[in-house]
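got a predicted structure plus its sequence, pasted below:
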Amino acid sequence: MTNDAKRYEIAYVLRPSLDETGVKTAMDAVLTLIADHKGIVDATDEPVRTHLGYPILGTRDSHVGSIRFTVAPELINDIRIKALTVSGVVRVTVLSWAKDIERAHRAVRTFTGDRKEETPAESTEAIDAQLSEALSDESLKHA
C-alpha cells in the first residue's frame, strides 16, 4: 500500500432472505476483498436486520453493514465493483471517511467584576399568598 492511502467506508445491503450463516459469509467475503487489495480494516459494523427507507427486491427489511478501512485511492473503484459481485450483496456505497475529526472546543465564559447578590428565596407561605392574590384579581376573571 502506498503512503497516500486514504480512509473509506463501504456500506452494503444484503439480500433479505439470507440466514445468519449467509450474512456472516457475505461480510467475510467483503473483508477478504479489502484485504486482497492491501486494505487495512479499522472497524466493522456487522450486518443487522433493519427497516429500509425504500423497498429493495420487493421488501423494506434487509441486512445492512459497513466496514471502515484504509487503502490506496486507485484501488477503491475496483473494490466497489467487486463488492457488488459478492454473493448476497445487493447494494454497495463507498464514502471517504475521516478517522480523526477535529472538534472545536466550547469556549468557557468567565465573569469578572461584581455580581449581584442573590436575594433569598421567599417562604412558601409568601408565595402562596401572592398566588391567591393573583387568582382572586377581578381583571383575570373576565379574560
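It's in.

relative to Glu46, how far out is Ile81?
Counting by C-beta to C-beta, to the nearest Å, the gap from Ile81 to Glu46 is 23 Å. Using the backbone N, CA and C atoms, a C-beta is placed for each residue, glycine as well.

moving C-terminal of the lengthiest helix in the chain, what's the next helix or strand?
Looking across the chain with DSSP state H, the single longest helix is helix 20-36. The helix or strand immediately downstream of helix 20-36 is strand 40-56, counting by DSSP states H and E.

pairing partners for that next one, with directions?
Strand pairing for strand 40-56, using DSSP bridges, gives strand 59-71 (antiparallel).

what's the angle between the strand it pairs with and helix 20-36?
With axes from the mean of the first three to the mean of the last three C-alpha atoms, to 10 degrees defining the directions, strand 59-71 sits at 30 degrees from helix 20-36.

gap between strand 59-71 and the chain center?
Averaging C-alpha positions (C-alpha atoms, centre = their mean, to the nearest Å) puts strand 59-71 13 Å from its chain's average.

check stretch 87-100 too.
Distance, centroid of stretch 87-100 to centroid of chain: 14 Å (C-alpha atoms, centre = their mean).

can you show me the CA trace of that stretch as CSV?
Extracted in CSV, the C-alpha atoms of stretch 87-100 (Å, rounded to 0.1, in the frame of the first residue of the first chain):
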residue,chain,number,x,y,z
SER,A,87,-22.9,-13.5,-3.2
GLY,A,88,-25.7,-11.9,-1.2
VAL,A,89,-24.8,-8.3,-1.7
VAL,A,90,-27.4,-6.2,-3.5
ARG,A,91,-26.2,-2.6,-2.9
VAL,A,92,-22.9,-1.0,-2.1
THR,A,93,-21.9,2.6,-1.3
VAL,A,94,-18.3,3.8,-0.8
LEU,A,95,-17.6,7.0,1.1
SER,A,96,-14.5,8.9,2.1
TRP,A,97,-14.1,8.7,5.8
ALA,A,98,-12.3,11.0,8.2
LYS,A,99,-10.9,9.0,11.2
ASP,A,100,-9.8,11.9,13.3
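
noted, bye for now.
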